[in-house]
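In: Structure for this input, please:
(chains A and B)
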Amino acid sequence: MNARFLAVLLVATVAGLAGDWDFDHVVKAFESHYGVARVHIPFLGVANLALKLKRPAGTSEFHLAVFEHLDSSPAYQDLADRDRLMQAVAGHGLHPMIAVRSRRDGQSTYIFTAEAGKSTVLLIATFQRDGATLVQVKADGNTLLKALEDPEGTASSMAGEHDE
Amino acid sequence: MKIGIAVLAAAALAPLWAQEMRLPANLEALSIKAEESVEVTLDGSMLRLAAKWLPDQGEDAKAKKLLAGIQGIYVRSYRFAAEGAYDKSDVDAVRNQFRAPDWSRIVGARCKGHGGEADVFVKADANGTIGAIVVIATEPRELTVVNFVGTLDPGQISYLGGRFHIPVLDLTSCNNWRRDSK
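Out: I've put the predicted structure just below:
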């Protein structure tokens, strides 16, 4: 009985780590590509706990990484370079769903999906003029639809959760 | 002949290349030239999940039923800062992919007023079952290609116009061409 419990616990732990590893993998890819470290966000852990309790907008998990001063990297304003970066981080169960780019305002938004049982994991990468944001959330189908119809608005609202 | 196809779409090949958007390299390169671009990739599992959350009433219900037979939707939409940013031969190269014996062009619309062009190609098996529909729509500063893969009725594709960044392209009148989502 104890052995079975430990086995279940081990599987759950590995599965949890695997999910985190996906997000960390992307974060590390960003850090390596642009030569910057993610911004430390005070109380992000508290925000995550609050999100888990509130479950806003059909989301049940929340991971966030913010990168600033990316414009110091010569490659940052190159939209094709962003495409290559995002293509490189895809895989590991992540599938590209939508990419929106605007050369006029220098913004790009990418949304990847991964199946997670009855839910879907959304990985949202938003590039702005001088900084980028990565958000990973577990979302229901309604949130998925919203993200599909309004990727930039969804990305903005998701990334803004930690500011509130 | 009623051609109320509300789409700017293109695509739908055999499932073999359903997994990847097999567009010519020169067309993909246009995304670099485009001032704004939207690229949507929806495979079967995502479509089923999205369909599950669509309401069971009105136009949503029609779209939901249609999605049940679709295995993939792939949208590439580009808007350019100025006319002439893309070469007509780039689009011709895309159109030429769908003139193999397996494909038939069922719509070829040209609007002189605003220079818009739209082509709809279908691929059917020996029994006449359509497995893919490709819509290619262009305007002087815009280019959209949409691939639908799956069992489809071309007459019903209009139900998806305005969803998933599939533009509305009512070919009954040049004035009704519209790219915006609902």
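In: What pLDDT is listed against the residue of chain B found nearest chain A?
Out: In chain B, the residue that lies nearest chain A is B:Trp53 (3.7 Å; CB to the nearest CB). To be clear about C-beta, it is placed using only N, CA and C from the backbone, and glycine gets the same treatment. At B:Trp53, the pLDDT value in this model is 85.
In: distance of it from B:Leu66?
Out: 15 Å (CB to CB, to the nearest Å).
In: now swap in A:Ile124 and tell me
Out: A:Ile124 is 28 Å from B:Leu66, by CB to CB.
In: between these two, who's got more neighbours?
Out: Using other CB atoms under 10 Å in any protein chain shown as the criterion, A:Ile124 and B:Leu66 rank with A:Ile124 on top: 25 against 20.
In: right, and B:Leu160 touches B:Val168 too?
Out: No: contact criterion CB atoms under 8 Å: B:Leu160 and B:Val168 do not qualify, at 9.6 Å.
In: And the two? Which one has more around it.
Out: B:Leu160 (24 against 20).
In: ok, how many other residues are close to the residue nearest to that one when sequence neighbours are not counted?
Out: In space, and not counting its chain neighbours, B:Leu160 is closest to B:Ile166: 5.2 Å by CB to CB, 6 or more residues apart in numbering or on different chains. One way to gauge burial is a neighbour count; for B:Ile166, by other CB under 10 Å, it gives 25.
In: looking at it, the residue of chain B closest to chain A is touching A:Gly141, isn't it?
Out: Yes: checked against CB under 8 Å, the pair B:Trp53 and A:Gly141 is within contact range at 3.7 Å.
In: For chain B, what's its nearest residue on chain A.
Out: For chain A, CB to the nearest CB, closest residue to chain B: A:Gly141, 3.7 Å.
In: which ones are touching that residue?
Out: Shown in contact with A:Gly141 (CB atoms under 8 Å, 6 or more residues apart in numbering or on different chains): A:120, B:49-50, B:52-53.
In: Show me which of the residues you listed is closest to B:Ile106.
Out: Nearest to B:Ile106 among these is B:Ala50, at 26.6 Å by CB to CB.
In: Validate this expectation: the closest one resides in a strand.
Out: No: with DSSP: H, G, I helix; E, B strand; the rest coil as the criterion, B:Ala50 is helix rather than part of a strand.
In: got the residues of chain B near chain A?
Out: Selection of chain B residues close to chain A by CB under 8 Å from any CB of the partner chain yields B:31-32, B:34-43, B:45-46, B:49-50, B:52-54, B:81, B:163-165, B:181.
In: Mark which of the residues you listed are part of strands, please.
Out: B:36-43 (DSSP state E).
In: for chain A, what spans make up the strands?
Out: Assigned by DSSP E, chain A shows strands spanning A:59-67, A:95-102, A:107-116, A:119-127, A:132-139.
In: Can you check which of those strands gets nearest to B:Lys62?
Out: strand A:95-102 (23.0 Å).
In: from what I can see B:Glu59 touches B:Gly161, true?
Out: No: B:Glu59 lies out of contact with B:Gly161 (CB under 8 Å); the separation is 9.7 Å.
In: quick one: which of those two has more around it?
Out: More neighbours surround B:Gly161 than the other of B:Glu59 and B:Gly161, with 24 against 16 (other CB under 10 Å).
In: is it true that that one touches B:Thr144?
Out: No: using CB under 8 Å as the test, B:Gly161 is too far from B:Thr144 to be in contact (11.5 Å).
In: Common neighbours of the two, please.
Out: The contact sets of B:Gly161 and B:Thr144 overlap at B:Pro167 (CB under 8 Å, 6+ apart).
In: Quick one: the strands in chain B, in order.
Out: With strands called from DSSP E, chain B shows them at B:36-43, B:70-79, B:103-111, B:116-124, B:130-139, B:142-150, B:168-169, B:177-178.
In: Other residues contacting stretch B:34-42?
Out: In this structure, residues lying in contact with stretch B:34-42 by CB under 8 Å, 6+ apart are A:95-104, A:148, B:21, B:31, B:50, B:72-81, B:85, B:164-165.
In: Can I get the buried ones among these as something I can paste into ChimeraX?
Out: To isolate the buried members of the contacts of stretch B:34-42 in ChimeraX, using 16 or more other CB atoms under 10 Å in any protein chain shown:
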select /A:95,96,97,98,99,100,101,102,103,148 /B:21,31,50,72,73,74,75,76,77,78,79,80,85,164,165
